[in-house]
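In: This is a predicted model, with the sequence first.
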Amino acid sequence: MSSQLIFKRIFTLFAIAVLLPVAGCKSPQKANEVSQPETPVVTSALPSPWQKLKLLRSLQTDSTPIVSITISPDGKTIAASSFSGEVKMWDLESGELILEAKLKTEIRSIRFSPDSKFVASGDSERNVNLYDFETRDLIRTLQGHESVVESIDFSPDGKTLVSGSWDQTVKLWAIGTGELLQTLEGNQDMVTAVAFSPDGQFIVSGAFDGSIKLWNLDELGTPRAFAGHFDPIQKVRFDPNGKLIASASTDDTVKIWELSSGRVVHALTGHSDVVTDVAFSGDGQILASTSQDKTIKIWSVATGEQINTLTGNFVKALVIAPTNRFLVTGDQDGQVQVWQVEQPE
């Protein structure tokens, strides 16, 4: 392994630990190179509403970097957590603040249950907490990880929660009882991202060593490995149809994988710095990605074409509303921005 690659991995670990922008995670040579994206920009003959995004509003947290952001499956509520442990929720349509809480620990991942009745969080104190969204009450705390819980996700039926931790394990929990159902082992490095497939049959995880693993919950055993990234995985997502997986990596790329074969369908190389998050649209036709290069890029899933680029601040996290009408982003200055997708006349 080259000294430049070792240098980059060390500083990436620092970035994950403190959630601040990391200029040092790029080697000097790469920082000075002119980016030459291999993916063409807008070559599709048919116009896309995603070519025109309007900034609808900006919502402020406490001026510390946004760590995680999500939208309730019913499309009504935005939830965001910041580096300081502040959690805020807003009405998506109006921008009205509906909840503000200051927690004693850093919330690394926040998710709504499929019925939008519960909110779960994974934190730096090794816990997974489950809250009743209507009453705001803490229902239970799931304990069993030995290090930071970096990523969580609900199963489609809302009965199970998956968590990925720096302790190199993936755990499955029963929502109704809080029981630890299964510990999935096989990662050789910190687990940085997890996701359930839309049919609930698979779990995908990403790790700090750049590996991606896929577990079939109907036949638990050795996970299938997807090889192709060279640096830590930041996020993994299933598309709404459950046929594709998107991964964001510190190696500056986004990859779209075919679930059935494990092959790379598209390698998206338009970013010039660490890619921190990816999100599929509700119809599965669009993939949004964000990077430390201070851009948000919109891609066609079918062709891999880059169809739009938004520039500005360093965005840590993003999500697309289930209705495909809004893109919501959270940046390093604690701003949550709501972008409206142009609707065809």
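Out: Arrived safely, thanks for sending.
In: Now do the same contact list for residue 188.
Out: 168, 207, 209, 211 (C-beta atoms under 8 Å, 6 or more residues apart in numbering). Quick note: C-beta positions are derived from backbone N, CA and C, even for glycine.
In: For the first one, which non-adjacent residue is spatially closest?
Out: Spelled out, that is residue 168. Nearest residue to residue 168, sequence neighbours excluded (C-beta to C-beta, 6 or more residues apart in numbering): residue 187, at 4.8 Å.
In: Could you find the closest non-adjacent residue to residue 140?
Out: Sequence neighbours aside, residue 178 is the residue nearest to residue 140 in space, at 4.5 Å (criterion: C-beta to C-beta, 6+ apart).
In: what does residue 336 give?
Out: residue 59 (4.2 Å).
In: For the one you found, which residues are in contact?
Out: 78, 88, 90, 95, 97, 335, 336, 337, 338.
In: Do you know the pLDDT at it?
Out: Note on residue 59: pLDDT of 95.
In: Now do the SS call for it.
Out: Here residue 59 is recorded as strand under DSSP: H, G, I helix; E, B strand; the rest coil.
In: Quick check: it vs residue 315, distance?
Out: Counting by C-beta to C-beta, to the nearest Å, the gap from residue 59 to residue 315 is 14 Å.
In: quick one on the thing from earlier: wait, is the residue nearest to residue 168 part of a helix?
Out: No. Counting by three-state DSSP, residue 187 is not found in a helix; it is coil.
In: What's the local residue count around it?
Out: Residue 187 has 22 neighbouring residues, counting by other C-beta atoms under 10 Å.
In: hang on, it packs against residue 171?
Out: No. Under the criterion of C-beta atoms under 8 Å, residue 187 makes no contact with residue 171, lying 11.9 Å away.
In: what's near enough to touch the nearest residue to residue 254 once chain neighbours are set aside?
Out: Leaving aside its sequence neighbours, residue 254 sits nearest to residue 268 (C-beta to C-beta, 6+ apart; 4.0 Å). By C-beta under 8 Å, 6+ apart, the residues touching residue 268 are 39, 253, 254, 255, 256, 287, 289, 297, 299, 304, 306.
In: ok, so of the residues you listed, who is nearest residue 156?
Out: residue 287 (20.1 Å; C-beta to C-beta).
In: phi, psi of that closest one?
Out: Dihedral angles of residue 287 (phi, psi; degrees, to the nearest 10) stand at phi -120, psi 130.
In: show me the contacts for it.
Out: Here residue 287 is in contact with 246, 254, 256, 268, 278, 279, 280, 281, 298, 299, 301 (C-beta under 8 Å, 6+ apart).
In: if you set the cut-off to 10 Å instead, what comes out?
Out: 237, 239, 244, 246, 254, 256, 266, 268, 278-281, 297-301, 304, 320 (C-beta atoms under 10 Å, 6 or more residues apart in numbering).
In: What about these, which are in strands?
Out: 237, 244, 246, 254, 256, 266, 268, 278-280, 297-300, 320 (DSSP state E).
In: Now for this structure, the helix or strand with the poorest mean pLDDT.
Out: Least confident helix or strand of the chain, by mean pLDDT, DSSP states H and E, is helix 28-32 with a mean of 31.
In: what about the helices in the stretch 201-345 of the chain?
Out: Shown for the stretch 201-345 of the chain, no helices are assigned by DSSP state H, counting those that start in this stretch.
In: what bits of it have low per-residue confidence?
Out: Applying pLDDT under 70 to the stretch 201-345 of the chain flags residues 344-345.
In: Quick check, pLDDT for the nearest residue to residue 154 once chain neighbours are set aside.
Out: Nearest residue to residue 154, sequence neighbours excluded (C-beta to C-beta, 6+ apart): residue 113, at 5.2 Å. Note on residue 113: pLDDT of 97.
In: what residues are up against residue 113?
Out: Residue 113 neighbours (C-beta under 10 Å, 6+ apart): 72-73, 119-120, 130, 133, 154-155, 157-159, 161, 175.
In: Of these, keep whichever come out buried.
Out: Buried by 16 or more other C-beta atoms under 10 Å: 72, 73, 119, 120, 130, 133, 154, 155, 158, 161, 175, out of those.
In: Taking those together, which two end up most distant?
Out: 133 and 155, at 17.6 Å, using C-beta to C-beta across these.
In: what helix or strand does residue 157 sit in?
Out: Following DSSP states H and E, one finds residue 157 outside all helices and strands.
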